[in-house]
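Enquirer: No letters, just coordinates:
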């Protein structure tokens with residue numbers, strides 16, 4: 001009997017090891033991350049938008065998003081979580097309709113964020129999603145940008161984050177995503193004051209994953225880092241080719257082989 005992807009995904013938040021999520025932007029990146037051993041894959045809203053020729057910030061058309069997710073789902077055997085930014089709408093019903101469409105594609109989870117908007121808007125969206133989903137289980141990760149946008153600092157930031165987390169959980173959230181948070185003491189406080197699994201975004205200044213996991217953080221997301229790394233290498237190698245007629249960067253030892261990549265889709 002095959003375990004549904006959403007059941008697998010829920011369980012990954014309660015294991016004896018952290019859930020490490022590489023963030024894909026297309027079917028090829030998702031397939032590569034799966035091959036590397038990822039137990040689940042997520043999308044980065046920024047990287048997905050960039051890969052389709054749109055800026056980050058809720059500019060991606062609905063039909064483009066759904067088509068891209070369908071392509072990613074086609075190559076994955078592990079659970080997929082989709083970053084929806086603010087749901088691409090201020091209308092809770094429209095957001096819920098989009099989430100139902102994603103559920104029908106078989107995704108295991110989503111992210112929904114408050115961004116710079118009043119938190120009651122995310123509460124409305126979360127509640128609308130739960131009503132629309134009905135019996136369809138879907139892991140909803142509520143993202144709050146208190147730290148990322150510097151909406152508060154010190155104890156005020158902690159209190160604001162916890163209050164938002166509690167409201168989002170009542171409205172139907174299953175997890176809490178706090179990008180921009182980097183102090184282990186703050187992570188431990190928030191983890192201790194919410195019943196939801198805590199998710200952080202990987203940052204250069206972040207303490208080690210093992211220590212954060214011990215402090216209560218259960219999920220770690222790469223965000224756009226995978227995309228920026230891959231495209232940074234490509235840009236450097238291409239600039240060397242065009243400017244210095246130097247092609248060696250295109251054939252680095254870390255480059256994948258044609259047959260190796262083609263076999264992912266055979």
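Expert: Cool, got the structure. This structure is a prediction, so every number in the text was calculated from the model and none was measured.
Enquirer: Can you give me the distance of residue 151 to residue 77?
Expert: From residue 151 over to residue 77 the distance is 39 Å, taken as Cβ to Cβ, to the nearest Å. (Each C-beta comes from the backbone N, C-alpha and C, glycine too.)
Enquirer: Could I get the full set of strands for this protein?
Expert: Remark: strands assigned in the chain by DSSP state E are 19-21, 23-24, 41-43, 80-83, 109-113, 139-143, 175-177, 198-201, 217-221.
Enquirer: Export those to CSV and append columns for mean pLDDT and mean neighbour count.
Expert: Output for these, formatted as CSV (pLDDT from 0 to 100; neighbours: other Cβ atoms under 10 Å):
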stretch, mean pLDDT, mean neighbour count
strand 19-21, 98, 22
strand 23-24, 98, 28
strand 41-43, 98, 27
strand 80-83, 98, 25
strand 109-113, 98, 24
strand 139-143, 98, 25
strand 175-177, 98, 26
strand 198-201, 98, 25
strand 217-221, 98, 22
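Enquirer: I'd like these as CSV, with distance to residue 4 appended.
Expert: As requested, the strands of the chain are exported to CSV (distance: least, Cβ to Cβ, whole Å):
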stretch, distance to residue 4
strand 19-21, 17
strand 23-24, 21
strand 41-43, 16
strand 80-83, 13
strand 109-113, 12
strand 139-143, 12
strand 175-177, 18
strand 198-201, 21
strand 217-221, 19
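Enquirer: looking at the ones you listed, which is closest to residue 230?
Expert: strand 23-24 (10.8 Å; Cβ to Cβ).
Enquirer: And the closest one, what does it pack against?
Expert: strand 41-43, helix 45-51, helix 225-244 (3 or more Cβ pairs under 8 Å, 6 or more residues apart in numbering; DSSP states H and E).
Enquirer: Return the most buried member of these.
Expert: Across the helices and strands packed on strand 23-24, the average number of neighbours (mean count of other Cβ atoms under 10 Å) peaks for strand 41-43, which reaches a mean of 27.
Enquirer: per-domain residue ranges of the protein.
Expert: Domain assignment for the chain, taken from automatic domain parsing, gives 5-223, 224-266.
Enquirer: Pick the most deeply packed of those.
Expert: Compared across those, domain 5-223 shows the largest average neighbour count, a mean of 19 (mean count of other Cβ under 10 Å).
Enquirer: Ends of it, what's the gap?
Expert: Criterion Cα to Cα, to the nearest Å; first-to-last residue distance in domain 5-223 is 21 Å.
Enquirer: gap between that domain and the chain center?
Expert: Its chain's C-alpha centre and that of domain 5-223 lie 5 Å apart, by Cα atoms, centre = their mean, to the nearest Å.
Enquirer: Ok, stretch 218-234 next?
Expert: 11 Å.
Enquirer: how far does it stretch from start to finish?
Expert: End residues of stretch 218-234 are separated by 33 Å (Cα to Cα).
Enquirer: Likewise for stretch 244-264?
Expert: Note: stretch 244-264 ends 34 Å apart using Cα to Cα.
Enquirer: Include distance to residue 133 when you put the helices and strands packed on strand 23-24 into JSON lines, please.
Expert: As requested, the helices and strands packed on strand 23-24 are arranged in JSON lines below (distance: least, Cβ to Cβ, whole Å):
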{"stretch": "strand 41-43", "distance to residue 133": "19"}
{"stretch": "helix 45-51", "distance to residue 133": "20"}
{"stretch": "helix 225-244", "distance to residue 133": "29"}
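Enquirer: Nearest to residue 191, out of the ones you listed?
Expert: strand 41-43 (19.9 Å).
Enquirer: What strands line up against that closest one, and which way round?
Expert: strand 23-24 (parallel), strand 80-83 (parallel) (DSSP bridges).
Enquirer: Can I get these in CSV including distance to residue 180?
Expert: Listed next are the strands paired with strand 41-43 as CSV, based on distance: least, Cβ to Cβ, whole Å:
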stretch, distance to residue 180
strand 23-24, 16
strand 80-83, 15
